[in-house]
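Chemist: this one's sequence-less:
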């Protein structure tokens, strides 16, 4: 059957839509990617999302309205990805949508309890496409004591596992996260965690300093010099030393964090900022591997996915840091790096419809396996009058 | 089968929990109320809700965290109502929860699109009670072009309809709303709308001026005098003259609105404020009937439900205003007035599980009948490893 997986990450670089053919579930899942595309988020909505993520400026009205606006945007992504193929939305069995994270509190702090907030109203997607929608995947893992992230490990196990090798899958979206899949065919041996910033700091600085949304190929980073003082200050961020499972987000490494740095270091050349942010991002990944992965397991491969896989400077810095492990990008191995997370949510939606658990407790810290997400039924049901 | 309906209204006077035995669906629904109770909302959470509803002060972190906190509170309400009976939560087929409305934009305005936001995380309720949860009932009606409210008319038709009389059901919660059910057995003839403030203004003023959460029996209102100047100012509020379908909420008649009035009229006696608010609340109801109901239909009965049915001064003012119609309270007719909305959501949840449409387009303004709500499955599903 056909379904669409939707992902819109913290990097705000677009709405990923994967049209997928899927059958079976659990270890018997068969997945085939039919079509993939990324749809731009209009600038005014991007601004509203950023405002909603900044802790102190948004209004409740903004969040209320933005939840519905994103619903329409996600809905258009479904229509557009179907239009690219011969498959009509009527043929879709379901849409699985991650939503847009506007806040994430991995551990209770002061008056706030651990919780997460994704928006992009599923009723709108369901109504506009007359289709079943599965959404809100992170909350049930948190109800079970987990951090609600990362959720990709389940799909990575299904897609990449069972190959007789110890592999690490490093995703570099807005945030960086890693999934370690040991050669043994046992999901309990998987673990995963957020390594720290992915493209978030680099993209934010590129936008502020160069008016571009990202550092294509890593060319800007290649042209600058490392600023040691800034690097030392970044290295003092406490996140990297935290023991996994751990998760992070825009509230740690987003606009506020970057703005403060740009203000403080406004006298150093702009390209040096990008170089240093890129070195730091590579450092956070390598350092997490050194501290929390390599002491336990001999990795055969590191496979890099997500938008950051296109940043050649970043990838080569990671390879340099992990001298004894071979680093590949997903695309080098024949998997679509860009489609990875959207496919992951199609897989997770399929599990939910089969009443099948799909969190990986060793990755999220949850007490147990649980069924993730809410189901919104197709709107045109039985009519009683 | 057993289920629990949960309602927490804009008046913040507690979480209503109705344990209900239900079978069939649509016009064949049979409902029996087993147990009902209202659970207090702790003061600090009440304050957080009020903060979340005030448009400019809340943080995204607050909303994120409060969504989960309310999930735990609703979850406790389910546990407690079951504990009051011999029925264990394991015997529940489902929980249907309205959630706490923190914002509602019935019609698009400026940069905000029509939308609604209820919180109280269903995954928490599902996990804590290992039960299926239906939630988020209002969004699909809005996706279909409706205002997302009122939703009680469907259940009122099922509970009170088919009696050969033209009746108006006037609910007085935080907000007042009316459902007109004509004698003919056709749901398309039903209409409903929010009449304006219910207990909201009275309660807010009671809390600020007398340190009590509501005006018991309407005794304070009985003791004061009408302030004509204030009454004239209140009557100039544009909501009453709006043509139905129409909805309103805390953003129109809540804390901000009341505070402005109390500041402006701080020199008149406190009990006169309560008297005038009570007269105004009765006026909004009577005036809406005169303008939008009585010209079209000869009412046999007005049945008053919700907390405001206990306010004798308010009820007698309404009877006085509607001289030729007999006014009853729900309890006078043998129905639990307090349990009404919680039972309504149990009925709506049951419709959703039967893929049955349960909005009333003539009440909400929706373009068509749709299936309402999201389904969160019991968390302990199949385990793949």
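Modeler: Thanks, I have it. What you see is a predicted model, and the numbers here were worked out from it, not measured in a lab.
Chemist: Give me the buried positions along stretch A:64-84.
Modeler: Judged by neighbour count (16 or more other Cβ atoms under 10 Å in any protein chain shown), stretch A:64-84 contains these buried residues: A:64-78, A:81-82. (C-beta placed from N, C-alpha, C; glycine too.)
Chemist: quick check, that stretch touching chain B?
Modeler: Yes: Stretch A:64-84 lies within reach of chain B by Cβ under 8 Å from any Cβ of the partner chain, at A:64-65, A:67-69, A:71.
Chemist: Which two of those residues have the greatest separation?
Modeler: Spatial extent of these (Cβ to Cβ) is set by the pair A:64 and A:71 at 11.7 Å.
Chemist: Could you save the residues of stretch A:64-84 next to chain B as TSV and add columns showing distance to residue B:221 and pLDDT?
Modeler: Formatted as TSV, the residues of stretch A:64-84 next to chain B follow (distance: Cβ to Cβ, whole Å; pLDDT from 0 to 100):
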residue	distance to residue B:221	pLDDT
A:64	33	95
A:65	37	96
A:67	39	98
A:68	39	98
A:69	43	98
A:71	43	98
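Chemist: and of those residues, the nearest to residue B:249?
Modeler: Residue B:249 lies nearest to residue A:64 out of these, by Cβ to Cβ, at 11.1 Å.
Chemist: ok, and the closest one, which helix or strand is that part of?
Modeler: Using DSSP states H and E, residue A:64 sits in helix A:60-83.
Chemist: okay, now the domains of chain A?
Modeler: A:2-155+A:339-376, A:163-299 (the TED database).
Chemist: To residue B:204, which of those lies closest?
Modeler: Closest to residue B:204 of those is domain A:2-155+A:339-376 (Cβ to Cβ; 18.1 Å).
Chemist: gap between the closest one and the chain center?
Modeler: What separates the centre of domain A:2-155+A:339-376 from the centre of its chain is 10 Å, taken as Cα atoms, centre = their mean, to the nearest Å.
Chemist: Now do the helices in chain A.
Modeler: Counting by DSSP state H, chain A has these helices, from start to end: A:43-53, A:60-83, A:122-129, A:138-143, A:152-160, A:200-210, A:219-223, A:228-235, A:250-253, A:255-264, A:270-292, A:312-321, A:340-353, A:361-364.
Chemist: where are the low-confidence patches of the stretch 101-250 of chain A?
Modeler: Scanning the stretch 101-250 of chain A for pLDDT under 70 picks out A:161-163, A:185.
Chemist: mind putting the residues of stretch A:64-84 next to chain B in CSV, distance to residue B:241 included?
Modeler: Output for those, formatted as CSV (distance: Cβ to Cβ, whole Å):
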residue, distance to residue B:241
A:64, 25
A:65, 26
A:67, 30
A:68, 27
A:69, 30
A:71, 32
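Chemist: Where does the stretch 151-300 of chain A get nearest to chain B, residue-wise?
Modeler: With Cβ to the nearest Cβ as the measure, residue A:187 is the residue of the stretch 151-300 of chain A nearest to chain B, at 3.7 Å.
Chemist: Next one: that residue relative to residue A:363, how far apart?
Modeler: Using Cβ to Cβ, to the nearest Å, residue A:187 is found at 10 Å from residue A:363.
Chemist: between those two, which one's more packed in?
Modeler: Neighbours per residue (other Cβ atoms under 10 Å in any protein chain shown) separate residue A:187 from residue A:363, with residue A:363 holding more: 30 against 23.
Chemist: Number of residues surrounding the nearest residue to the more buried one once chain neighbours are set aside?
Modeler: Excluding its sequence neighbours, the residue lying closest to residue A:363 (Cβ to Cβ, 6 or more residues apart in numbering or on different chains) is residue A:192, at 3.6 Å. Residues lying near residue A:192 (other Cβ under 10 Å) number 28.
Chemist: got a list of what residue A:274 touches?
Modeler: Contacts for residue A:274 (Cβ atoms under 8 Å, 6 or more residues apart in numbering or on different chains) come out as A:202, A:205-206, A:209-210, A:215, A:220-221, A:224.
Chemist: again, only this time at 7 Å
Modeler: Residues near residue A:274 by Cβ atoms under 7 Å, 6 or more residues apart in numbering or on different chains: A:202, A:205-206, A:215, A:220-221, A:224.
Chemist: So which bits of the stretch 251-385 of chain A are right by chain B?
Modeler: Proximity of the stretch 251-385 of chain A to chain B, by Cβ under 7 Å from any Cβ of the partner chain, involves residues A:352, A:354-357, A:369-371, A:374-377, A:379, A:381-385.
Chemist: Okay, the nearest residue to residue A:319 once chain neighbours are set aside and chain B: tell me how far apart.
Modeler: Once flanking residues are discounted, residue A:319 sits nearest to residue A:327: 4.3 Å by Cβ to Cβ, 6+ apart. Residue A:327 is 28 Å from chain B, where distance means Cβ to the nearest Cβ, to the nearest Å.
Chemist: What's opposite residue A:327 in the beta bridge?
Modeler: Beta-bridge pairing for residue A:327 (DSSP bridges): residue A:302.
Chemist: I'd assumed residue A:318 was in contact with it.
Modeler: Yes: counting by Cβ atoms under 7 Å, residue A:318 is a contact partner of residue A:327 at 5.9 Å.
Chemist: between the two, who's got more neighbours?
Modeler: Legend: neighbour count by other Cβ under 10 Å for residue A:327 and residue A:318, higher for residue A:318 (24 against 19).
Chemist: Name the nearest residue to the more buried one, sequence neighbours excluded.
Modeler: Sequence neighbours aside, residue A:282 is the residue nearest to residue A:318 in space, at 5.1 Å (criterion: Cβ to Cβ, 6+ apart).
Chemist: Let me see the contact set for residue A:317.
Modeler: Contacts of residue A:317 by Cβ under 7 Å, 6+ apart are A:278-279, A:282.
Chemist: between those, which is closest to residue A:43?
Modeler: Nearest to residue A:43 among the contacts of residue A:317 is residue A:278, at 25.1 Å by Cβ to Cβ.
Chemist: Leaving out sequence neighbours, find the closest residue to that closest one.
Modeler: residue A:221 (3.8 Å).
Chemist: is it true that the one you found touches residue A:275?
Modeler: Yes: with contact defined as Cβ under 7 Å, residue A:221 counts as touching residue A:275 (4.9 Å).
Chemist: now residue A:152, nearest residue through space, not along the chain?
Modeler: Closest to residue A:152 by Cβ to Cβ, 6+ apart is residue A:344, at 4.6 Å.
Chemist: Touching, that neighbour and residue A:153? I think so.
Modeler: No: look at residue A:344 against residue A:153 with Cβ under 7 Å: they stay out of range, at 9.0 Å.
Chemist: pLDDT below threshold where in the stretch 251-385 of chain A?
Modeler: Low-confidence segments of the stretch 251-385 of chain A (pLDDT under 70): A:384-385.
Chemist: repeat that with 50
Modeler: Within the stretch 251-385 of chain A, not a single segment meets pLDDT under 50.
Chemist: Report whether stretch A:20-34 contacts chain B.
Modeler: Yes: using Cβ under 7 Å from any Cβ, stretch A:20-34 reaches chain B at A:26-27.
Chemist: buried residues in stretch A:142-151?
Modeler: Buried positions in stretch A:142-151, judged by neighbour count with 16+ other Cβ under 10 Å: A:142-144, A:146-151.
Chemist: What is the nearest of those residues to chain B?
Modeler: Using Cβ to the nearest Cβ as the measure, the one of the buried residues of stretch A:142-151 that approaches chain B most closely is residue A:143, at 3.6 Å.
Chemist: just to revisit the earlier point, adding distance to chain B, write the buried residues of stretch A:142-151 out as CSV.
Modeler: Shown next, in CSV, are the buried residues of stretch A:142-151 (distance: Cβ to the nearest Cβ, whole Å):
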residue, distance to chain B
A:142, 7
A:143, 4
A:144, 6
A:146, 11
A:147, 13
A:148, 10
A:149, 14
A:150, 17
A:151, 13
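Chemist: Please identify which pair of the residues you listed lies farthest apart.
Modeler: Farthest apart among the buried residues of stretch A:142-151 by Cβ to Cβ are A:143 and A:150. That separation is 16.9 Å.
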